[in-house]
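J.: Okay, here's the prediction I keep looking at, along with the sequence it came from:
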Amino acid sequence: MKLNELKIPEKAKSKSTKRLGRGSATGQGCTAGRGHKGQNSRSGGGVRRGFEGGQMPIIRRLPKRGFFNKFRTCYEIVNLSDIADKSLKGEITLEVLLSNGLVRKSDSRVKILGDGKISEALNIKAHAFSRSAREKIESAGGTAEVV
């Protein structure tokens, strides 16, 4: 294969873009579609995001409320009643919860809450347990292991 035999794949071809400011014969010469004078006609011109021409921006006019903690740990919640409804048995890991639709994402942290009852001994592995969930699991003869 030679360089002059190379062909561009059909999918890679796109409509040619107009070349601005390349003379009056191109149809986009002279001011190149930027109009005459003004801030946006200059190179490097334009305004930053949120700028409203010197007027107080809306992000500063609106009142701020509350506090957002970006270091917060978010858990997906699974109740003991959900586990009992699916009639899961034996060892319950994150993969088992994911495959049964009790957890949405594979990389999320899971917390088991004590809403509901379990009668069988289950070995549950999760990132966190509520106190009532841990007591109910251990009273049924199972174990609550923190991953």
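T.: Good, I have the coordinates.
J.: buried residues in the top helix by length along the chain?
T.: In the chain, with assignment by DSSP state H, the single longest helix is helix 131-139. Residues of helix 131-139 classed as buried: 133-134, 136-137 (neighbour count, 16 or more other C-beta atoms under 10 Å). (C-beta placed from N, C-alpha, C; glycine too.)
J.: List the contacts of the residue positioned nearest the centre of the chain.
T.: What sits nearest the mean C-alpha location of the chain, by C-alpha atoms, centre = their mean, is Lys105, with 11.1 Å. Going by C-beta atoms under 8 Å, 6 or more residues apart in numbering, Lys105 touches 76, 98.
J.: returning to what we had before: identify all contacting residues around the longest helix of the chain.
T.: Helix 131-139 is contacted by residues 80, 112-114, 117-118, 122, 124, 129, 143-144 when judged by C-beta under 8 Å, 6+ apart.
J.: Going by neighbour count, which of these are buried?
T.: 80, 112-114, 118, 122, 124, 129, 144.
J.: will you turn those into TSV that also has secondary structure and pLDDT?
T.: Shown next, in TSV, are those (DSSP: H, G, I helix; E, B strand; the rest coil; pLDDT from 0 to 100):
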residue	secondary structure	pLDDT
Leu80	helix	94
Ile112	strand	95
Leu113	strand	95
Gly114	coil	93
Ile118	coil	89
Leu122	coil	91
Ile124	strand	94
Phe129	strand	96
Ala144	strand	94
